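A.B. asks: sequence plus predicted model, see below.
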Amino acid sequence: PPNASAAFRIVARNAVGTGPMTRAAFATTSPPGEPTGVCCVARTARTLCVEWELADPEDEEVTGCEIQIGTSLSWAVATFEDSGAPCRVSRGGTCWRAVL
């Protein structure tokens with residue numbers, strides 16, 4: 001399951017006896033962290049181009065981002081210009097971009 005952890009103990013044996021035991025703890029991959037460095041890199045009268053940094057958690061690529069736009073009363077999922085949905089700026093990179 002995602003974001004789960006487990007502790008392990010390992011011991012070796014042979015004909016002479018049992019060796020010392022070692023312990024280790026590991027976790028499965030976790031959800032993405034918080035996007036950082038959000039900034040508007042271009043604007044027109046009708047659009048905003050927004051970029052942010054978001055690293056992939058260990059061994060689990062981020063597959064998408066949702067942008068919400070807030071007003072004084074509520075938040076709503078953003079709509080995007082043609083080809084403006086959130087995407088990575090470069091393959092394997094940590095910079096993301098969207099055009100709203």
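C.D. replies: Perfect, thanks for sending it.

A.B. asks: spatially central residue for the chain, please.
C.D. replies: Central residue of the chain (C-alpha atoms, centre = their mean): P32, 2.6 Å from the mean position.

A.B. asks: please tell me how far the residue lying closest to that residue once chain neighbours are set aside sits from V11.
C.D. replies: In space, P32 comes closest to V62 once its chain neighbours are excluded; the distance is 4.9 Å by C-beta to C-beta, 6 or more residues apart in numbering. The way it works is simple: take the backbone N, C-alpha and C, and place the C-beta from them, glycine included. Relative to V11, V62 is positioned 39 Å away (C-beta to C-beta, to the nearest Å).

A.B. asks: can you pick out the residue with more neighbours from the two?
C.D. replies: Neighbours per residue (other C-beta atoms under 10 Å) separate V62 from V11, with V62 holding more: 17 against 9.

A.B. asks: from G93, how far off is that one?
C.D. replies: V62 is 11 Å from G93, by C-beta to C-beta.
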